[in-house]
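Participant: This is the structure alone, sequence omitted:
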């Protein structure tokens, strides 16, 4: 849990993913398209991935990936991120967290 908190607080936008997850790929592509450069942690390739997955689950991440954090706060999974994007508020959240500069 401490590692997750440290990673989440180290960058304005953080996405925990799995390398084979197509929804994870879509969320990463969306962030890049919006001009953000999030920290990406692929838990299936990390030696401590199992521990990270349990910690994310303990934080309420269900499913565990993709787990998106903006400004140190848990935003949600792909469904939540897409809802924010379609409502027009995802970009503003990224700007407010200084994950995008203009």
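Facilitator: Now that the structure is in, tell me what you want to look at. Remember, it's a predicted structure, so these values are computed and weren't measured experimentally.

Participant: So which residues make contact with stretch 80-96?
Facilitator: If you take CB atoms under 8 Å, 6 or more residues apart in numbering as the criterion, stretch 80-96 is touched by 12-13, 27, 30-31, 34-36, 66, 68, 70-71, 75, 100, 102. The way it works is simple: take the backbone N, C-alpha and C, and place the C-beta from them, glycine included.

Participant: Strands of this protein, residue ranges please.
Facilitator: Using DSSP state E, the strands of the chain run over 13-17, 39-42, 67-70, 73-76.

Participant: returning to what we had before: can you pick the most crowded of the contacts of stretch 80-96?
Facilitator: Within the contacts of stretch 80-96, most neighbours by other CB atoms under 10 Å means residue 68, with 28 neighbours.

Participant: who are the neighbours in contact with the residue nearest to it when sequence neighbours are not counted?
Facilitator: Closest residue to residue 68 apart from its sequence neighbours, by CB to CB, 6 or more residues apart in numbering: residue 75 at 4.5 Å. By CB under 8 Å, 6+ apart, the contact list for residue 75 reads 68-69, 81, 84, 93.

Participant: from the strands of the chain, which stretch is densest packed?
Facilitator: Across these, averaging neighbours per residue (mean count of other CB atoms under 10 Å) puts strand 67-70 on top, at a mean of 27.

Participant: still on that earlier bit, so which of the strands of the chain gets nearest residue 60?
Facilitator: Smallest distance to residue 60 across the strands of the chain (CB to CB): 6.9 Å, for strand 73-76.
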